[in-house]
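**Student:** one predicted model, sequence on top.
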Amino acid sequence: MPQNKQIQLDNRPQAEATVSNFKLVTADTPALQDGQVLVRHHFLSLDPYMRGRMNDSKSYAVPQPLGQVMQGGTVGEVVESKNAKYAVGDKVVGFGGWQQYSVVNGDQVGALRKVDTTHVPLSHYLGAVGMPGVTAWYGLVKIIEPKAGQTMVVSAATGAVGSAFGALSKARGCRVVGVAGGPDKCKYAVEELGFDACIDYRLHKDAASLSKALKEHCPDGIDGYFENVGGIVLDAVLSRMNAFGRIALCGMIAGYDGQPLPLAYPQLILTNRLKIEGFIVSEHMEVWPEALKELGTLVGTGKLRPRETVAEGIEAAPEAFLGLLKGKNFGKQLVKVI
């Protein structure tokens, strides 16, 4: 069995996460038992939610244990199998974590899923046709419930979730406005992802300034908002929401280091009778088949052209993850392991 490089969580962050919170170790890969498969990872997924799990605090998920492999999504190839359901060479999606190999019980429900790479590249199963894409689908379809002609807004618009949200919204006949950081990301949102407009939040020092930009690009107000960020972006959007608007709350990356994120005008929630619902997509596995089918079709037909930022080698994972938290990535952040 091969030697296996792993990234473990060594200690918990004190405020901002740093490279020193992680450590690289090499471990022996255990021999396979009956029913197990050995997966060699091709790509690791890096996602903002991982920052919250680094803290030892109450949340929707159990904290990442110290001294164990950082948990996260993976795609790869079966290189040895003692399970009749999986053959050597099968391409699979799993939750193998920040390591080169994982040993998986192939009979455990949801632990491993075979995928077809004929029309969808393997890496996209960690982004547009994976958890981030399904996250966008659930927030839009089940919480926001859009109608043709309505205006949708999404923060972190060019990330894995935001780009899928844009494509799904356009497919339903909506006007879509993104909020992203930098002119290159905004250009990509409009020219390649098909957004009707994209606002560079870095040009706005406060919520009032950003609200004016939203008013310009959303002249009929905002009917649905997908929240990934929090902070001044949420304040600005609340000021432009229409009565009976819906907000799908998926992430608050501006507060992941522990600082409070107060709302400037929470009374707008009452004034406009807004629906705000937080959700965790792993709690809604029943929608995944329907969502993945639509997302796969959008990617396969070129209606969703996701971009990826790829770090090379398992050793690069911590730095790439910290860059993700600061918005340095363009599209889905991955680590290429081989």
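**Tutor:** That came in fine, so what should we check first? Numbers count the residues shown, from 1 in each chain.
**Student:** can you give me the strands in the stretch 51-200 of the chain?
**Tutor:** 74-81, 91-94, 101-105, 112-114, 151-155, 175-180, 197-200 (DSSP state E, counting those that start in this stretch).
**Student:** and among those strands, the most buried is which?
**Tutor:** Comparing the strands of the stretch 51-200 of the chain by mean neighbour count (mean count of other C-beta atoms under 10 Å), strand 151-155 comes out on top with a mean of 29. In this view, the C-beta of every residue, glycine as well, is placed from N, C-alpha and C.
**Student:** so for stretch 41-54, mean pLDDT?
**Tutor:** For stretch 41-54, mean pLDDT rounds to 93.
**Student:** kindly format the C-alpha coordinates of that stretch as CSV.
**Tutor:** Extracted in CSV, the C-alpha atoms of stretch 41-54 (Å, rounded to 0.1, in the frame of the first residue of the first chain):
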residue,chain,number,x,y,z
HIS,A,41,-7.2,11.6,-5.2
HIS,A,42,-6.8,13.8,-8.2
PHE,A,43,-8.3,17.0,-6.8
LEU,A,44,-9.2,18.3,-3.3
SER,A,45,-11.9,20.8,-2.7
LEU,A,46,-11.2,24.0,-0.6
ASP,A,47,-14.4,25.7,0.6
PRO,A,48,-15.1,28.6,3.0
TYR,A,49,-17.1,26.5,5.4
MET,A,50,-13.9,24.7,6.4
ARG,A,51,-12.8,27.9,8.3
GLY,A,52,-15.7,27.6,10.7
ARG,A,53,-15.0,24.0,11.4
MET,A,54,-11.5,24.9,12.5
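**Student:** picking up where we left off before, turn the strands of the stretch 51-200 of the chain into JSON lines, columns for mean pLDDT and distance to residue 164.
**Tutor:** JSON lines is the format used below for these (pLDDT from 0 to 100; distance: least, C-beta to C-beta, whole Å):
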{"stretch": "strand 74-81", "mean pLDDT": "98", "distance to residue 164": "17"}
{"stretch": "strand 91-94", "mean pLDDT": "97", "distance to residue 164": "16"}
{"stretch": "strand 101-105", "mean pLDDT": "97", "distance to residue 164": "26"}
{"stretch": "strand 112-114", "mean pLDDT": "95", "distance to residue 164": "18"}
{"stretch": "strand 151-155", "mean pLDDT": "98", "distance to residue 164": "9"}
{"stretch": "strand 175-180", "mean pLDDT": "97", "distance to residue 164": "12"}
{"stretch": "strand 197-200", "mean pLDDT": "98", "distance to residue 164": "15"}
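**Student:** nearest to residue 3 among these would be which one?
**Tutor:** Ranking the strands of the stretch 51-200 of the chain by proximity to residue 3 (C-beta to C-beta) places strand 101-105 first, at 8.9 Å.
**Student:** CA atoms only: put the closest one into PDB for me.
**Tutor:** Output of strand 101-105 as PDB, limited to C-alpha atoms (Å, rounded to 0.1, in the frame of the first residue of the first chain):
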ATOM      1  CA  TYR A 101      -5.300   8.600  -0.800                       C
ATOM      2  CA  SER A 102      -8.300   7.500   1.100                       C
ATOM      3  CA  VAL A 103      -9.600   4.100   2.100                       C
ATOM      4  CA  VAL A 104     -13.400   4.100   1.700                       C
ATOM      5  CA  ASN A 105     -16.200   1.600   2.700                       C
END
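**Student:** run the chain-centre distance for that strand.
**Tutor:** 23 Å (C-alpha atoms, centre = their mean, to the nearest Å).
**Student:** ok, now stretch 157-164?
**Tutor:** Its chain's C-alpha centre and that of stretch 157-164 lie 8 Å apart, by C-alpha atoms, centre = their mean.
**Student:** contacts for it?
**Tutor:** 47, 127-128, 132-133, 135-137, 154-156, 165-166, 178-180, 185, 188-189, 193, 195, 198, 226, 228, 250-251, 295, 298, 304, 306-307, 329-333 (C-beta atoms under 8 Å, 6 or more residues apart in numbering).
**Student:** could you rerun that using 7 Å?
**Tutor:** Contacts with stretch 157-164, where a contact means C-beta atoms under 7 Å, 6 or more residues apart in numbering, come from 127-128, 132-133, 135-136, 154, 156, 166, 178-180, 185, 188-189, 193, 195, 198, 228, 250, 295, 304, 306, 330-332.
**Student:** pLDDT on that stretch, on average?
**Tutor:** Computed over stretch 157-164, the average pLDDT equals 94.
**Student:** skipping adjacent residues, who's closest to residue 140 in space?
**Tutor:** Spatially, and ignoring its direct neighbours in sequence, residue 140 is nearest to residue 168 (5.3 Å; C-beta to C-beta, 6 or more residues apart in numbering).
**Student:** sorry, slip of the keys, the one I care about is residue 324.
**Tutor:** Spatially, and ignoring its direct neighbours in sequence, residue 324 is nearest to residue 333 (4.5 Å; C-beta to C-beta, 6+ apart).
**Student:** repeat for residue 282
**Tutor:** Nearest in space to residue 282, with sequence neighbours left out and distances taken as C-beta to C-beta, 6+ apart, is residue 131 at 7.7 Å.
**Student:** what about the one you found, neighbour count?
**Tutor:** 21 (other C-beta atoms under 10 Å).
**Student:** on that earlier part again, now the strands of the stretch 51-200 of the chain as a markdown table including distance to residue 206?
**Tutor:** Output for the strands of the stretch 51-200 of the chain, formatted as a markdown table (distance: least, C-beta to C-beta, whole Å):
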| stretch | distance to residue 206 |
| --- | --- |
| strand 74-81 | 40 |
| strand 91-94 | 41 |
| strand 101-105 | 46 |
| strand 112-114 | 45 |
| strand 151-155 | 16 |
| strand 175-180 | 14 |
| strand 197-200 | 14 |
